[in-house]
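K.L.:
Pasting the sequence and the predicted coordinates here, then a few questions.
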Amino acid sequence: MVINLATIILSATILTSSFTFINNDEVKHKSNAFRVYNEVEYSINNKDKFDDFWTPKNEGYLDASQKEELNNFRTKVENGDLLTGIEKNKLREMKTYVIKTKLGEEKFKELEKLINRREGSLELTLPERQRLYQLDKEARD
């Protein structure tokens, strides 16, 4: 009789815990991420996929062959294709050329120094961060 009573108590405990588990699996017990997930919409315009640095003003610093190459890269990205490593390097080189042309040699070296320092283990001081912001803004405009 004692064994049967222990079996009954164990069975009741298992059933109760399984019902609790089912109750906890309801939506009201889930985090916000699970509730909001289905309502999220992804909206990426084709114009947003390509680097926003390339404004008509910045493209004006390139020669005709570089502009054509840039437009080929833009078309490729807007069609959903990935750029190869060589293409990414060419794009980076064109961007560096434009920034160097706009800022001049002295400001470009200062910008490069600040970027390297920021990406290193040292923290930038407030004046350095402000200067980096100014140079970045000047390079993008």
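P.N.:
Okay, I see it.

K.L.:
So for whichever strand or helix holds residue 70, mean pLDDT?
P.N.:
Residue 70 belongs to helix 64-78 when assigned by DSSP states H and E. For helix 64-78, the mean per-residue pLDDT is 91.

K.L.:
Quick check: buried residues in that helix?
P.N.:
66, 69-70, 73-74, 77 (16 or more other Cβ atoms under 10 Å). Using the backbone N, CA and C atoms, a C-beta is placed for each residue, glycine as well.

K.L.:
domains of the protein?
P.N.:
2-39, 47-140 (automatic domain parsing).

K.L.:
Check the model's average confidence along the first one for me.
P.N.:
Per-residue pLDDT values over domain 2-39 give a mean of 49.

K.L.:
pLDDT on the helix or strand just after the helix holding residue 70, on average?
P.N.:
Downstream of helix 64-78, the first helix or strand assigned by DSSP H and E is helix 85-103. What helix 85-103 shows for mean pLDDT is 91.
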